[in-house]
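Chemist: Okay, here's the prediction I keep looking at, along with the sequence it came from:
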Amino acid sequence: MDSIFGLQGGDFVIVACDGSIAHSILKIKETEDKILKLDDHKIFGISGEGADRNSFGELVHKNHSLIRYKTGAYMNLKETAHFVRSMYAQAIRSRDGPHQCNGLLGGVDSDGTPSLYWLDYLGSLQKITRGAQGYANYFLLGLLDNQYKPNLTKEEGIEIIKKCIKELQTRFLIAQNKFIVKIVTKQGIEAFTL
Amino acid sequence: MSGIFEYNGGSIVGMKGKNCIAMACDRRFGQQMSTITTNYQKVFKIQDNILLALSGLNTDIHTFYALMEKEINLYNLKENRKMKPTTFANLVASALYERRFGPFFVTPIVAGLENGKPILATYDSIGCKSDLDDFQVGGTGGNYIYGACEAFFKPDMSPEELEEVIGQSLVSGCDRDALSGWGGVVYVLTEQKLTVKILKTKQT
């Protein structure tokens, strides 16, 4: 039921998530941050059951840091995306089964190039310029395709995200009032609630 | 799930010509009826004279391709020579059979040029190699492409003719298959060079 969506602009990447945690018919929390900060220039928005989201998120974050300490170098976006993919792919045929969560990995490399990757629980990986996970796919892909153009500015990107949120609030059956939005630029990560 | 091979969609086709080979694939990546991207290419250059096309489940395409890259790189380092296309074709078969009871959900096609002679082989998901025919297809649109190939194909075509024929076969096939399409990419390999061309199919 989580909505995770994002887009890549000329020099930034935005990933947005809804803030609600539900338990059967009860909404426990409205301000849950489902976008994990991997380092100062990478974010990973994860959708799925709370437990899977948290445990896989931690696994990715700690392994990402471990590689940094072992090799002394930060992975760039492409390497991180393939690394996360391999974690998913190894799990699907393992004893415990797949990690039951999907994700959008976005960030900006040290040379300023932004990228956004779509990852699913099986280990599918695609580099995208705009996309969503879960039910948000059905509502937002058309809108994102329509509004997107190459080399968007940050302000234009935020406007599109606002339109997406409005669309979900109008048409999606599940009421999702608060959305956490994170933007990665060369300067770092900005977060705000919409 | 209607079928694990149909989950992500996609079609591939390979053809032999006179001292040349061609491979073509569509560009769609989807989740059942929903399309995620339209620039996903399924043909990989393994070596200067070997092409590998993979259709099936996206995650296994990534994993199997990485596995084959690793195998060929290790071979190059250990034996200090390039791998022959017939050797690679056998390698794919045994790599697939290694996972006999937990297979990769992919249908590969291997195409290459060995001393100028074209090599083409296709497999099922558990490694049954079939290298008897002049063209091979794979993926969700495979059956549609078969018909078009049978009609257009003739033996010993030149690279230009081959590019035209394989392109037309792929486009006709993908236009009919709901899970394939959104463009096509044609690779033609001759002794001298590899040409890559992007095609338009029906934009649905």
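Modeler: The structure has been received and is ready for your questions. What you see is a predicted model; the values in this text were computed from it and never measured.
Chemist: Near chain B, which residues of chain A are found?
Modeler: Within chain A, the positions adjacent to chain B are A:85, A:88-89, A:92-93, A:118, A:120, A:122-128, A:131, A:137-138, A:141 by Cβ under 8 Å from any Cβ of the partner chain. Just so you know, the C-beta spots here come from the backbone N, C-alpha and C atoms, and that holds for glycine as well.
Chemist: partners of the residue nearest in space to the middle of chain B in the sheet?
Modeler: Centroid-nearest residue in chain B: B:A53, 2.5 Å away (criterion: Cα atoms, centre = their mean). Assessed by DSSP bridges, B:A53 has beta-bridge partners B:V43, B:I109.
Chemist: Do I have it right that it meets B:C25?
Modeler: Yes - shown here, B:A53 and B:C25 form a contact pair, counting by Cβ atoms under 8 Å, at 5.7 Å.
Chemist: residues shared between the contacts of these two?
Modeler: Common contact partners of B:A53 and B:C25 (Cβ atoms under 8 Å, 6 or more residues apart in numbering or on different chains): B:12-13, B:42-43.
Chemist: What residues of the helix or strand harbouring B:T59 count as buried?
Modeler: Taking DSSP states H and E as the criterion, B:T59 maps to helix B:58-79. Buried residues in helix B:58-79, defined by neighbour count with 16 or more other Cβ atoms under 10 Å in any protein chain shown: B:58-65, B:67-68, B:71-72, B:75.
Chemist: for stretch A:168-178, same thing?
Modeler: For stretch A:168-178, burial by neighbour count (16+ other Cβ under 10 Å) applies to A:168, A:172, A:176.
Chemist: With stretch A:140-150 instead?
Modeler: Quick answer for stretch A:140-150 (16+ other Cβ under 10 Å): A:140-141, A:143-144, A:147-148.
Chemist: Can I get the residues you listed in TSV including pLDDT?
Modeler: Shown next, in TSV, are these (pLDDT from 0 to 100):
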residue	pLDDT
A:L140	95
A:L141	94
A:L143	95
A:L144	95
A:Q147	95
A:Y148	95
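Chemist: need the residues you listed in CSV with distance to B:G138 and secondary structure, can you?
Modeler: As requested, these are exported to CSV (distance: Cβ to Cβ, whole Å; DSSP: H, G, I helix; E, B strand; the rest coil):
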residue, distance to B:G138, secondary structure
A:L140, 32, helix
A:L141, 27, helix
A:L143, 34, helix
A:L144, 31, helix
A:Q147, 36, helix
A:Y148, 32, coil
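Chemist: Nearest to chain B among these?
Modeler: Distance to chain B, by Cβ to the nearest Cβ, is smallest for A:L141 among those, at 7.5 Å.
Chemist: Can you give me the distance of the closest one to A:K154?
Modeler: 22 Å (Cβ to Cβ, to the nearest Å).
Chemist: Sheet partners, orientation included, of the host helix or strand of B:V185?
Modeler: Assigned by DSSP H and E, B:V185 falls within strand B:184-190. Sheet pairing for strand B:184-190, assigned by DSSP bridges, gives strand B:20-26 (antiparallel), strand B:194-199 (antiparallel).
Chemist: Tell me which of those strands is the most buried.
Modeler: When you average the neighbours per residue for each of the strands paired with strand B:184-190 (mean count of other Cβ atoms under 10 Å in any protein chain shown), strand B:20-26 leads with a mean of 29.
Chemist: so the residue most central in space within chain A is in which element?
Modeler: For chain A, A:G45 is the residue whose C-alpha lies nearest the centre (Cα atoms, centre = their mean; 2.6 Å). Element membership for A:G45 (DSSP H and E) is strand A:42-48.
Chemist: hmm, who's touching that strand?
Modeler: A:2-4, A:6, A:13, A:15-17, A:34-38, A:53, A:56-57, A:60, A:64, A:77, A:80, A:84, A:100-107, A:121, A:133-134, A:182, A:184, A:189.
Chemist: could you flag which of these are buried?
Modeler: For the contacts of strand A:42-48, buried by 16+ other Cβ under 10 Å: A:2-4, A:6, A:13, A:15-17, A:34-38, A:53, A:56-57, A:60, A:64, A:77, A:80, A:84, A:101-107, A:121, A:133, A:182, A:184, A:189.
Chemist: My guess is B:T107 contacts B:G56. True?
Modeler: Yes - B:T107 lies in contact with B:G56 (Cβ under 8 Å); the separation is 5.6 Å.
Chemist: Show me which residues of chain B sit near chain A.
Modeler: B:8, B:29, B:31, B:34, B:36-37, B:40, B:57-59, B:62-63, B:102.
Chemist: Could you single out the nearest of these to B:V185?
Modeler: B:Y40 (9.9 Å; Cβ to Cβ).
Chemist: And the pLDDT for B:Y123?
Modeler: At B:Y123, the predicted lDDT confidence score is 96.
Chemist: Figure out how far the helix holding B:T59 is from the centre of its chain.
Modeler: 16 Å (Cα atoms, centre = their mean, to the nearest Å).
Chemist: Now do the top helix by length along chain A: distance to the chain's middle.
Modeler: Looking across chain A with DSSP state H, the single longest helix is helix A:50-71. Here helix A:50-71 is found 15 Å from its chain centre; the criterion is Cα atoms, centre = their mean.
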